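Asker: Sequence and predicted structure are below.
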Amino acid sequence: MREHAVTIDSGKIDKSSLNLNESVVPHGRRFEHAVTLIVLVLMAVLILPPIGMLLFSTLKVSAFKLPFTVPGFSLANFTRILGSAETLKLLGNTAVYAIVSVTVALMISTGLAFLLERTNVPARKTLSTLVLSPMAIPPVVLAIAWVFLANPTNGIFTEWLRTITGLTMNIYSLPGLVLVSSTITIPS
């Protein structure tokens, strides 16, 4: 590789003396495009066939048969699921869960933000770190921790609550799910 002298006149670099090889940059971009194309094709090959099979299967009424063996297409699966009373109950529970957990998390987050940013609360930096610390813990670890702490049969929080007040806590119920998800999503 040959080195070139660079002359600087009044703060400007004389680019003609550098003799840059202009073909280096396009080859790098071609390589990036080729890698991107390979990754996209690989993702398409791995993702699209299962999704296509799933969509194909939803249009076949095949209770205990393979979808390829059933002739014709039908929307009976959709009408059976969307017309079911259980589906409406599940959608209602999901709406209640989402609205209540977001509302609780928003109220607690707003209170903590005001407390930590607009007041002179003692140990503000420590509290701020503690509030943001759940964001550094993987969600799987948080879920396992809640199961260990608030399991209805032998969780530590459940035992303390039962001993002190006589009440029990069930994190597998709708109020328990709201409690867990709203406390986990407070910092974010």
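Answerer: Yes, it's here.
Asker: Now do the same contact list for the residue nearest to residue 124 when sequence neighbours are not counted.
Answerer: Nearest residue to residue 124, sequence neighbours excluded (CB to CB, 6 or more residues apart in numbering): residue 116, at 5.8 Å. To be clear about C-beta, it is placed using only N, CA and C from the backbone, and glycine gets the same treatment. Residue 116 makes contact with 124, 127-128, 131 under the criterion CB atoms under 8 Å, 6 or more residues apart in numbering.
Asker: List only those of these flagged as buried.
Answerer: 128, 131 (16 or more other CB atoms under 10 Å).
Asker: where are the low-confidence patches of the protein?
Answerer: For the chain, applying pLDDT under 70 flags the ranges 1-27, 188.
Asker: Quick one: the strands in it, in order.
Answerer: Using DSSP state E, the strands of the chain run over 8-9, 12-13.
Asker: distance of residue 169 from residue 177?
Answerer: Per CB to CB, to the nearest Å, residue 169 is found 12 Å from residue 177.
Asker: more neighbours, those two?
Answerer: residue 169 (19 against 16; other CB atoms under 10 Å).
Asker: Grab the nearest non-local neighbour of that one.
Answerer: Leaving aside its sequence neighbours, residue 169 sits nearest to residue 158 (CB to CB, 6+ apart; 5.0 Å).
Asker: ok, the one you found - how many residues close by?
Answerer: 19.
Asker: Which residue, other than its chain neighbours, is closest to residue 105?
Answerer: Going by CB to CB, 6+ apart, residue 105 has residue 182 as its nearest residue, at 4.2 Å.
Asker: Just confirm the one you found contacts residue 99, I think it does.
Answerer: No - between residue 182 and residue 99 there is no contact, the gap being 11.2 Å when judged by CB atoms under 8 Å.
Asker: Next, find the distance separating the residue most central in space within the chain from residue 170.
Answerer: Centroid check for the chain by CA atoms, centre = their mean gives residue 139 as the closest residue, at 9.2 Å. The gap separating residue 139 from residue 170 is 21 Å, by CB to CB.
Asker: higher neighbour count, residue 182 and residue 99?
Answerer: Between residue 182 and residue 99, residue 182 has the larger neighbour count (other CB under 10 Å), namely 19 against 11.
Asker: Now for that one: which residues touch it?
Answerer: Shown in contact with residue 182 (CB under 8 Å, 6+ apart): 100-102, 104-105, 108.
Asker: Now for residue 174, how many residues are close by?
Answerer: Residue 174: 13 surrounding residues under other CB under 10 Å.
Asker: Was I right to think it contacts residue 92?
Answerer: No - in this structure residue 174 lies outside contact range of residue 92 using CB under 8 Å: 10.6 Å.
Asker: Any idea how many residues pack against residue 150?
Answerer: By other CB under 10 Å, neighbour count at residue 150 equals 20.
Asker: I'd like the distance between it and residue 174.
Answerer: 14 Å.
Asker: ok, now residue 35?
Answerer: Separation of residue 35 from residue 174 (CB to CB) stands at 47 Å.
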